[in-house]
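Visitor: prediction below, plus the sequence it came from.
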Amino acid sequence: MTRTIKILSTLALGGMLFGITACEDTVCKEALAKATAATADVQKTVSSQAAEISGLRAKLAAADQATVAAKKALEEAKAAAAKPAEPAAPADKGAKGAKGKKK
């Protein structure tokens, strides 16, 4: 009888272990499906953010170019302001000469 009890208890415990494992497999499969869906959502978010970052980098490059152009214009304006004013051109001598001639 001891032999029969050992065999029956082994079969019972094995069946319970098999049943528990099968339940764990379904739980694991459900968790894997949820994780896969979450991963897909995260990948979509990352790709949209990467596209947004690229657009912002393009805007930054354009702003940098505008800043460089503005700095160049400012330096040119400072250089023009620093130059001494050119002396006024002498008056037209031809007009004076015609006035002084007598016929």
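Guide: Sure, I can see it. Numbering: from 1, shown residues only.
Visitor: all helices of the chain, in order?
Guide: For the chain, the helices defined by DSSP state H occupy 2-82, 93-100.
Visitor: weakest of those helices in terms of mean pLDDT?
Guide: Note on those: helix 93-100 shows the lowest mean pLDDT, a mean of 56.
Visitor: now do M16: how many residues are near it, please.
Guide: 10 (other Cβ atoms under 10 Å). Just so you know, the C-beta spots here come from the backbone N, C-alpha and C atoms, and that holds for glycine as well.
Visitor: count of neighbours near G55?
Guide: 10.
Visitor: what's the answer for L60, then?
Guide: Using other Cβ under 10 Å, L60 has 10 neighbouring residues.
Visitor: repeat for the one 3 residues further on
Guide: Residue crowding around A63 was assessed by other Cβ under 10 Å; the count is 10.
Visitor: from R57, how far off is it?
Guide: Distance, A63 to R57, using Cβ to Cβ, to the nearest Å: 11 Å.
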